[in-house]
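Colleague: What follows is a predicted protein model with its sequence.
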Amino acid sequence: MAEFKVKVLEAGFINHDVKRFMVQKPAGYTFVPGQATDVAINKPGWTDKLRPFTFTSLNKWEYLEFTIKIYPDHNGVTHELGKTNAGAELILHEPFGAITYKGRGTFIAGGAGITPFIAILRELYHNKQLKGNRLINSNKTSSDLIYGDELQMMLKEDLVNVYTRENVIGFLDRRIDRDFLIEHISDFSQYFYLCGPDKFVSAIKAILLDLGANIESLVVDE
Ligand SMILES: Cc1cc2nc3c(=O)[nH]c(=O)nc-3n(C[C@H](O)[C@H](O)[C@H](O)COP(=O)(O)OP(=O)(O)OC[C@H]3O[C@@H](n4cnc5c(N)ncnc54)[C@H](O)[C@@H]3O)c2cc1C
């Protein structure tokens, strides 16, 4: 299995528990937006602890970007990444993953499940092909948004933010359930891109199929 040792160029928190890493890009390294790679920290005790993370950068950028939710509650890889900064080294592997853009549709993300869509939406925006795509972005509260301002700028009225625990007037404060999907989606023959916690993805997938979506039109990393 190919391994690529790369330096962290810059790292910093973009909200209370999500950290953005800019890392060196190995020569000739490319990926399809939506893909991920297995990442380890190149430091004693951590080199064999591989965890998958998605590229949120574009291929044309000179560096790779990862956007990683840190779980500080136990001594896992993301906890360690929370303490990993510029100058440290990561070990990357080959890109992999099933979530890639197939055509216009609705992207439905739960929490850090937005990361493959960040890469795809950034690329579509850059290529002036974003129009006609929509994003339904579910988070616990607005403080959990990842690149919220950029998504708003790119998608404008094609972005629906859903907060499951905001409790503030003016916010869509609810879950993505059957009624929500009936209300917000008029065409079930389009592509649907789903990413988030397993339960979130399986529940939404079942509702979409029940409402008439085609199994071939669902793009899910399973
Ligand atoms: C293809 C793919 C792409 C991904 N891309 C991204 C990405 O771009 N960004 C991103 O943020 N995530 C991404 N993930 C998820 C990411 O891989 C996991 O969050 C990461 O592996 C967690 O590693 P960890 O060692 O910190 O936690 P692990 O030890 O692997 O634990 C993972 C989960 O279990 C819980 N958990 C486990 N043990 C304990 C414990 N003792 N106490 C409390 N909680 C515990 C954690 O809270 C967490 O929810 C992706 C996953 C896949 C499959």
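Modeller: Received, thanks.

Colleague: nearest residue to Ile14 other than its sequence neighbours?
Modeller: Among residues not flanking Ile14 along the chain, Arg20 sits closest, at 5.0 Å (Cβ to Cβ, 6 or more residues apart in numbering). Where you see a C-beta, it was placed from the backbone N, CA and C, and this is true even at glycine.

Colleague: Surely the one you found is within a helix?
Modeller: No. Counting by DSSP: H, G, I helix; E, B strand; the rest coil, Arg20 is located in no helix; its state is strand.

Colleague: What parts of this protein come near the ligand?
Modeller: Residues of the chain found near the ligand (Cβ under 6 Å from any ligand atom) are 36, 51-54, 66-69, 71, 73-74, 76-79, 97, 112, 115, 221.

Colleague: In ChimeraX, how would I select just the buried ones from the residues you listed?
Modeller: Selection of buried members from the residues of the chain next to the ligand for ChimeraX, criterion 16 or more other Cβ atoms under 10 Å:
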select :36,53,54,66,67,68,69,77,78,97,112,115,221
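
Colleague: circling back: list the beta-bridge partners for the residue nearest to Ile14.
Modeller: For Arg20, the beta-bridge partners under DSSP bridges are Gly12, Thr67.

Colleague: quick one: contacts for it?
Modeller: If a contact means Cβ atoms under 8 Å, 6 or more residues apart in numbering, then Arg20 has 11-14, 56, 65-68 as its contacts.

Colleague: just those residues now: which is nearest Tyr125?
Modeller: Distances from Tyr125 to those, taken as Cβ to Cβ, are shortest for Thr56 (13.1 Å).

Colleague: Averaged pLDDT, the helix or strand containing Ile136. What do you get?
Modeller: Secondary structure assignment for Ile136, by DSSP states H and E: strand 134-139. Strand 134-139 comes out with an average pLDDT of 97.
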